[in-house]
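1. here's a sequence, model it:
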Amino acid sequence: HYITNNEICKNGDMILMDFGAEYGNYKADMTRVLPIMGKFTERQTEVYQSILDVMKSIKRQMVVGNTIDNLKKETQNLIGKELVKLGICRASDLRKDPKTILKYFPHGVSHHLGLDVHDVGDRKRPLETGMLLTLEPGIYINEENLGIRLENDILITKNGNEDLMKDIPLEIIEIENLMKWKPQKS
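-> Residues are numbered from 1 along each chain as shown. As a prediction, the model looks like this:
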């Protein structure tokens, strides 16, 4: 979501990549964040892990009968707790003004996928078997020039859900190991 594309990547920077694919006219949507130098800083690790924890919690709630609206409310609740844990906000400030969370998490947590990457769907409609949705929590801290969002595609099944991107690196150690990869000389 950086349009100009004219900055030089520096040590300590990260790249947020939001991209999709298409197969048989159906769309996919995925986001990953990579550290430029191959290793997350301590602060980046803290924020990344917070988002990963939120993602895992919300994924467990992506089941038949829940709604995207409910998922967003729960995500905002969890992100509020993470913002306090990360020292960004005080719990008392969030109780006074819950909309403060929107400064750090300004978008939805899920959208329908299908023939379009943002396919038609009712956020209040209960989830049903066969629905395909994104899961994309994020925290953006402008004061620290730090933004992390993770996104996978989730298929709702009668027994819960299936993460269609479960084999794509997501854990911190997986990302850092991937960044160490060097092509073999032939």
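2. what is the helix or strand bottoming out on mean pLDDT in the chain packed up against?
-> Considering only helices and strands, the least confidently modelled element of the chain by mean pLDDT, DSSP states H and E is strand 14-23, at a mean of 87. Applying 3 or more CB pairs under 8 Å, 6 or more residues apart in numbering; DSSP states H and E, we find strand 14-23 packed against strand 26-35, strand 146-149. All C-beta spots, glycine's among them, are computed from the backbone N, C-alpha and C.
3. weakest of the ones you listed by average pLDDT?
-> Taking the mean pLDDT of each of those, the lowest value is held by strand 26-35, a mean of 90.
4. can you pull up the most central residue in the chain?
-> Residue closest to the average C-alpha location in the chain (CA atoms, centre = their mean): residue 150, at 2.5 Å.
5. what are the buried residues along the least confident helix or strand of the chain?
-> Neighbour counts over strand 14-23 (16 or more other CB atoms under 10 Å) mark 14, 16 as buried.
6. neighbouring strands - and their directions - for it?
-> strand 26-35 (antiparallel) (DSSP bridges).
7. next SSE downstream of the partner strand?
-> Scanning the chain past strand 26-35 towards its C-terminal end, the next helix or strand to appear is helix 42-60 (assignment: DSSP states H and E).
8. what's that next one packed up against?
-> Helix 42-60 makes packing contacts with helix 68-85, strand 132-135, strand 138-141, strand 146-149, strand 152-157, strand 160-163, helix 172-180 when contacts are defined by 3+ CB pairs under 8 Å, 6+ apart.
9. select, out of these, the one closest to residue 29.
-> When the helices and strands packed on helix 42-60 are compared by CB to CB, strand 132-135 sits nearest residue 29, at 5.2 Å.
10. one step back: among the helices and strands packed on strand 14-23, which comes closest to residue 124?
-> Residue 124 lies closest to strand 26-35 among the helices and strands packed on strand 14-23, at 21.2 Å (CB to CB).
11. buried set for that closest one?
-> For strand 26-35, a neighbour-count test (16+ other CB under 10 Å) marks 27-35 as buried.
12. check stretch 169-186 too.
-> Buried-residue list, stretch 169-186, by 16+ other CB under 10 Å: 170, 172, 175-176.
13. equivalent analysis for stretch 82-97, please.
-> With the criterion 16+ other CB under 10 Å, stretch 82-97 contains buried residues 82-83, 86, 88-89, 94.
14. endpoints of it, how far apart?
-> By CA to CA, to the nearest Å, the extent of stretch 82-97 from end to end equals 16 Å.
15. could you do stretch 36-46 as well?
-> Terminal residues of stretch 36-46 lie 17 Å apart, using CA to CA.
16. mind checking how far that stretch is from the chain centre?
-> Per CA atoms, centre = their mean, to the nearest Å, the displacement of stretch 36-46 from the mean C-alpha position of its chain is 17 Å.
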